[in-house]
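Peer 1: just to be clear, the model below is a prediction. Sequence and coordinates:
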Amino acid sequence: MNGSYCHTTASKILHEILHYRRRFSGSDQDISLENELVILTQLPRIQTFVSANLPIHFILPAFPAKSPNPNKVLGTVPDMAEKLALTFLNALCENIKAHYAPGARLTICSDGHVFSDLINVNDDTINTYQGKIKALIHDEQLNCLDVLNLGDIDEFAALTDDYDVLRSTLLQGYADPLEDIRTFLINDEDGTRLYRAITRFMFEDGLMPDYQGSKTALQRDARQRAYGVIQSSWAWGNLLAQCFPDAIRLSIHPQPASSLKMGIHMLPTKDDWLTPWHGTAVEVDGTFLLMKKTEAVELNAEPVWVDGRHSHYTLDSRKSVAHA
């Protein structure tokens, strides 16, 4: 295929994604310089698909389970936040068709079972959540999306009767030693940001309405579990890289510009780390924002129910959302 066509087409596809790139908060690097680094890394990978006239294949480790803390989310099953995020991801793939006829497809690599023991969500709850994610994709006809769970991979398929064995097998085969991970996170600026963000998630998830312990003890526990979550997540990433070596790797977290992974926003949010499963969708003047449930309640947002379930909130535009 013509080299000029491949380069031009791949550039258009990449710029479609760059509109939604998730950056680190307070980054002092110029966004155009960051994007140049992203282009240097990602453009050749996208060109590989274009030169072969194949659909661009994205993988996104995401949609594990709802946070267990009812102060952050509406329940244990997908709601409007997930629906909007999935619809966005499908639309992103559809938009690529305007530049490239084969289009794109995106595999959601659901990581709930990868670290459910560390996020205090049981595996049955995760199975229900994942099943409803698949149902949402089907019902909304999001035909560019599919879902992959750890148990769907051949070497793990026989282990789904015991998720603890499933997780230990993943760590044995694909995880870096915990001490090596700690050393890296401490000595790498972006790694430290990731560790602090995951620790915050662990702390917030544990700060349940009925929590009786001290915040100091909870923070200590959150720090330890954060290391484990990162180790498990990276093991999952190592496995996915082996299964899909050519795929374009997306992330729910901000990533360094030179990384093989690109962070991506699925919904507008002022928190660069907030996700649909750690927050709640709030409609303000026809536009949805993602925030924690307690923030929506503090703003006197009105709950919206769909099919008997609390789906999202709506907020009168005259009320301030400055601290959302």
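Peer 2: Looks like it arrived, so ask away. Worth saying up front: this structure is predicted, and the values here are computed from it rather than measured.
Peer 1: make it CA atoms for all contacts and neighbour counts henceforth
Peer 2: Noted.
Peer 1: residue 68: neighbour count?
Peer 2: Residue 68 is flanked by 22 other residues according to other C-alpha atoms under 10 Å.
Peer 1: what about it, which SS state?
Peer 2: Secondary structure, DSSP: H, G, I helix; E, B strand; the rest coil: residue 68 is coil.
Peer 1: quick one: low-confidence parts of this structure?
Peer 2: Across the chain, the ranges flagged by pLDDT under 70 are 1, 25-29, 270, 318-324.
Peer 1: can you give me the helices in it?
Peer 2: 3-18, 31-51, 80-96, 112-119, 123-139, 154-157, 163-174, 178-187, 189-206, 215-243, 293-298 (DSSP state H).
Peer 1: what residues sit buried inside the first one?
Peer 2: Taking 16 or more other C-alpha atoms under 10 Å as the basis for neighbour counts, the residues of helix 3-18 that come out buried are 6-7, 9-14, 16-18.
Peer 1: on that earlier part again, between the helices of the chain, which gets nearest to residue 304?
Peer 2: Of all the helices of the chain, helix 80-96 sits nearest to residue 304, with 9.8 Å by C-alpha to C-alpha.
Peer 1: mind listing residues that contact the closest one?
Peer 2: 13, 16-17, 103-106, 133, 136-137, 140, 142-145, 266-267, 276-277, 279-281, 290, 311-312 (C-alpha atoms under 8 Å, 6 or more residues apart in numbering).
Peer 1: ok, 6 Å please
Peer 2: 13, 103-104, 142, 144, 266, 276, 280-281, 311-312 (C-alpha atoms under 6 Å, 6 or more residues apart in numbering).
Peer 1: equivalent analysis for stretch 167-176, please.
Peer 2: 114, 235.
Peer 1: buried ones in that stretch?
Peer 2: 167, 170-171, 174-175.
Peer 1: would you mind giving these as CSV with distance to residue 73 added?
Peer 2: Below are those laid out as CSV (distance: C-alpha to C-alpha, whole Å):
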residue, distance to residue 73
167, 26
170, 29
171, 29
174, 32
175, 30
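Peer 1: just give me the closest of those to residue 249.
Peer 2: Nearest to residue 249 among the buried residues of stretch 167-176, with distances taken as C-alpha to C-alpha, is residue 174, at 17.5 Å.
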